[in-house]
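Colleague: After the sequence you'll find the predicted model.
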Amino acid sequence: MGKIVRILMAKPGLDGHDRGVKVVARALRDAGFEVIYTGLHQTPEMIVNTAIQEDVDCIGLSVMSGAHNVLMPAVVNLLREKGADDIIVFGGGIIPDDDFEFLYKNGVKKLFTPGTSIEEIVNWVRENVKPH
Amino acid sequence: MYSEEEKKRIEQEYREWKEKVYKRNFEKLPPRLERFSTVSDMEVPELSTPADIAGLDYDRDLGFPGCYPFTRGVQPTMYRGRLWTMRQFAGFGTCFDTNKRYKFLLENGQTGLSVAFHYPTLMGYDSDHPRSRGEVGKCGVAIDSLEDMEVLFDGIPLDKVTTSMTINGPASVLLAMYIAVAEKQGVRQDQIGGTIQNDILKEYIAQKSWIFPPEPSMRLIVNTVEYCTKHVPKWNTISISGYHIREAGSTAVQELAFTIADGIGYVQACTDAGLNVDDFAKRLSYFFNAHIDFFEEIAKYRAARRMWAKIMKNRFKAQKEESLKLRFHTQTAGCTLTAQQPFNNVVRTTIEAMAAVLGGTQSLHTNSMDETLALPTEQAVTVALRTQQIIAEESGIANVIDPLAGSYFVEYLTNKMEEEAFRYIEKIDNMGGIIKAIEAGYPQREISDTAYHYQKQLEKGEKVVVGVNKYVMKEDLKIPLLKIGEEVEEAQRERLRRLRQKRDNNKVQKCLKDLKGAASTNENLMYYILDCVKAYTTLGEIMGALREVFGEYKDPGII
């Protein structure tokens, strides 16, 4: 049996909106992935430490507060600093189109916005994240 | 309403009609859906008949507006006397930016203010705290000290306007700041009117902006209720909120049940602390969601009023009629808005606002069409406000009190929601009350299950969201968005730096020391918080001092 992809679903910042992240976490789990959820109010440091400790293959960041341009790149940078940049970072939330380019340039691999089906997210993970 | 004999006759006729007429009509063309249910997935009948409400007793179950059990409304005149308060929730950037928006809204006929604070304020951090990075002014206005609050209400007479503040963990601090600003305007605390949300229980359940664990949080709430009862009699001390519970994914019944269970928790805590129920109950108010399922929502509001009246009368033995009335604010459901084809959101909001008005709301916020993308622009918020004004002054809906009463379906649904909500409340009582239920993760899990169930229904197309899973189209529609730049954070940090330089820091330290001392006793902390605020102690410093005494609540991370 092949290794199963391990995913850390995380809520950086002070944002308390966790309906989306929890639905995605359950959907990914139901799709057969191993999913860990950080809970709310995480700093980028806390997220990166958990990701390394748990030896995950990717991190899904959910931000609804508008702080995505600060928090998402912060996670990517910390992963790089700690030599863990093989961990793929994707994200979701209230993210205006205009911010996509900045976030992709800063190492976020994929962004999902409101109205995305869970099937689309599951398929993306299947195709783009391999267990290491 | 009907005798047993009449009921049986109607039931018999209904069964015959269903077999011989209704079903036969489906022989050529089957029903459009296998199962018809509300957005909360409560199955609904194809038709309601008098038999469904045969047991309804007009005086006992409905009564007249302004009379027990208030099913038909809390005021005798409802919107014939005064329309509901049109209160758009607003706040972004700095206090200067938001002050300008408030003046714009008031000039356009809005009748009350509603403050949205940014995340650091909600969580009890100053704008220059490391945890505030990236969040300053984004989801609301940045308020760090009395100085910011003075600017926020500059030129707005606090004896004329009422203000609702969506603030929970630090509610006592923002209330203290509001009182202090009013005093500076020459307005006494017994003249001001408004609301603090101050509802921590639904934070643990759904909205998730908390600071302290449940016990000290409840103590702060009781402190504010006690203080206002004595000194700020026109202030609504807790806005017991179902809005966020619903947004987190609950059903309408769960929203009703968990919110009223929270209400029971607060009344219990206040009476346990020795307060007389009739002294504070009239200043408790509710805040519900207006979701897209029209009749379900109307039934929910009507059921809520009847339930609260019974609970306050029978469970808490309230004597005064004012204590029995459930007054509520409504906000249309943010979670029903779509990023796709955003103009459709105006229509959704209209339907939801109509339900709120038909359900007898006391105040209303209508969401703007662009809110799934960003905070609303001035243009979008104007359309949202105009929606309310059209309902109020063109549609005729506001001319008749509780016009849907007596509808077989609406009364049936009102009864059903009440029954099901009371079943939940009984379950929570059996768990030892709402705090115990929260600690066990019960409401959180129920909501999370419902949210996931709904998402799966969407994926299967069992529930439809126009423009998202049906009638999808390629669009290249750019609507203007409000952007909050990083310069807001810089400006706010600079304001704080200057404040810390110019204030009397010895006085600040003394106030904080006194507050911490009092926190370890049973004293009412409102007096100490007022002293802190007036000395320009920041919100983060006050909450920081209390964190040292009370500790912090951590997310149990239930999925």
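Modeller: Received it, and whenever you're ready, just let me know what you need.
Colleague: quick one, longest helix in chain A?
Modeller: Determined from DSSP state H, the single longest helix within chain A is helix A:68-81.
Colleague: Which strands and helices lie in contact with that one?
Modeller: Identification of packing neighbours for helix A:68-81 by 3 or more CB pairs under 8 Å, 6 or more residues apart in numbering or on different chains; DSSP states H and E yields helix A:44-53, strand A:58-63, strand A:88-93, helix A:100-105. The C-beta positions use only the backbone N, C-alpha and C, and glycine is treated the same way.
Colleague: Helices along the stretch 201-350 of chain B, start to end?
Modeller: Secondary structure of the stretch 201-350 of chain B, counting by DSSP state H, counting those that start in this stretch: helices at B:201-202, B:214-231, B:243-247, B:252-272, B:277-280, B:294-310, B:344-358.
Colleague: can I assume B:Ala176 is in contact with B:Leu525?
Modeller: No: counting by CB atoms under 8 Å, B:Ala176 sits too far from B:Leu525 to count as a contact (9.9 Å).
Colleague: if you compare the helices and strands packed on helix A:68-81, which one is most tucked away?
Modeller: Most buried of the helices and strands packed on helix A:68-81, by mean neighbour count (mean count of other CB atoms under 10 Å in any protein chain shown): strand A:58-63, with a mean of 27.
Colleague: Keeping just the C-alphas, turn that one into CSV.
Modeller: Coordinates of each C-alpha in strand A:58-63 appear next as CSV, following Å, rounded to 0.1, in the frame of the first residue of the first chain:
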residue,chain,number,x,y,z
CYS,A,58,0.9,20.0,2.5
ILE,A,59,-0.8,22.8,4.4
GLY,A,60,-4.2,24.3,3.7
LEU,A,61,-4.5,27.8,5.1
SER,A,62,-7.9,29.3,5.6
VAL,A,63,-8.1,33.1,5.9
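Colleague: before we move on, back to that, redo the helices of the stretch 201-350 of chain B as JSON lines? Include mean neighbour count, distance to chain A and mean pLDDT.
Modeller: Shown next, in JSON lines, are the helices of the stretch 201-350 of chain B (neighbours: other CB atoms under 10 Å in any protein chain shown; distance: least, CB to the nearest CB, whole Å; pLDDT from 0 to 100):
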{"stretch": "helix B:201-202", "mean neighbour count": "28", "distance to chain A": "11", "mean pLDDT": "98"}
{"stretch": "helix B:214-231", "mean neighbour count": "20", "distance to chain A": "15", "mean pLDDT": "98"}
{"stretch": "helix B:243-247", "mean neighbour count": "27", "distance to chain A": "7", "mean pLDDT": "98"}
{"stretch": "helix B:252-272", "mean neighbour count": "24", "distance to chain A": "13", "mean pLDDT": "98"}
{"stretch": "helix B:277-280", "mean neighbour count": "18", "distance to chain A": "28", "mean pLDDT": "98"}
{"stretch": "helix B:294-310", "mean neighbour count": "25", "distance to chain A": "19", "mean pLDDT": "98"}
{"stretch": "helix B:344-358", "mean neighbour count": "22", "distance to chain A": "12", "mean pLDDT": "98"}
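Colleague: do you know which of these lies nearest A:Asp57?
Modeller: Judged by CB to CB, the one of those that comes nearest to A:Asp57 is helix B:243-247, at 31.5 Å.
Colleague: mind showing which ranges of chain A have poor pLDDT?
Modeller: Scanning chain A for pLDDT under 70 picks out A:1.
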